[in-house]
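Enquirer: Please find the sequence and the predicted model below.
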Amino acid sequence: MQETFFSSKEASQITGCTLRQIQYWREKGIVVPVISETGTGRSIYYSKSNLVELAAMVYWLSVGISFDIACETLKRLKAQEPELFISGKGKRFMLLLSAQNESLSLVEFDRESAIASLDEGKSVIPVWLDVIYNRLASKLSN
């Protein structure tokens, strides 16, 4: 089965990113396209897993997560759970931010743990990849 690739313009339309955001994130190494600089011209293409990364960044920024935390979250998810961006199956995680030492941890979402963390004075930010996958799948099916 052959994988489908998307141009920067298509990726922008599907994920809701601007072309400038895609370019900036590519330049900073936040979302690295699978195929880059092929042939005689500069052709850049994104895989479906790249689209998930782009959509995740757009979603997190849209709900008020800072750019730095969104980048760190994406980096940690790709390191901890690389299959999430390939599998097409979303999981729910949460970011825990400790006010005392400003530490950031990414753990699988658990309602009781979230409430306990809030009681401890930690900020809890939902990172729900299932929502991101569903939105992306809906756009790809159209």
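Expert: Thanks, I have it.
Enquirer: ok, so what distance separates A55 from S138?
Expert: In this view, A55 and S138 are 11 Å apart by CB to CB, to the nearest Å. Backbone N, C-alpha and C define where each C-beta goes, glycine included.
Enquirer: Same check on E112?
Expert: As judged by CB to CB, E112 and S138 stand 31 Å apart.
Enquirer: returning to that earlier point: tell me which of A55 and S138 has more neighbours.
Expert: Counting neighbours by other CB atoms under 10 Å for A55 and for S138 shows that A55 has the greater number, 22 against 9.
Enquirer: I figured that one was touching T15, is that so?
Expert: Yes: assessed by CB atoms under 8 Å, A55 is found in contact with T15 at 4.5 Å.
Enquirer: Residues that sit against both of these two, list them.
Expert: Jointly contacting A55 and T15 under the rule CB atoms under 8 Å, 6 or more residues apart in numbering are L136.
Enquirer: quick one, what contacts the most centrally placed residue in the chain?
Expert: Residue closest to the average C-alpha location in the chain (CA atoms, centre = their mean): A56, at 2.9 Å. For A56, the contact set (CB under 8 Å, 6+ apart) comprises 70, 73-74, 77, 129, 132.
Enquirer: Could I get those in CSV, plus columns for distance to S8?
Expert: As requested, those are exported to CSV (distance: CB to CB, whole Å):
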residue, distance to S8
A70, 20
T73, 23
L74, 18
L77, 23
L129, 23
I132, 20
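Enquirer: which is the next helix or strand following the lowest-mean-pLDDT helix or strand in the chain?
Expert: Lowest by mean pLDDT, DSSP states H and E among the helices and strands of the chain is strand 35-36, with a mean of 65. Downstream of strand 35-36, the first helix or strand assigned by DSSP states H and E is strand 44-46.
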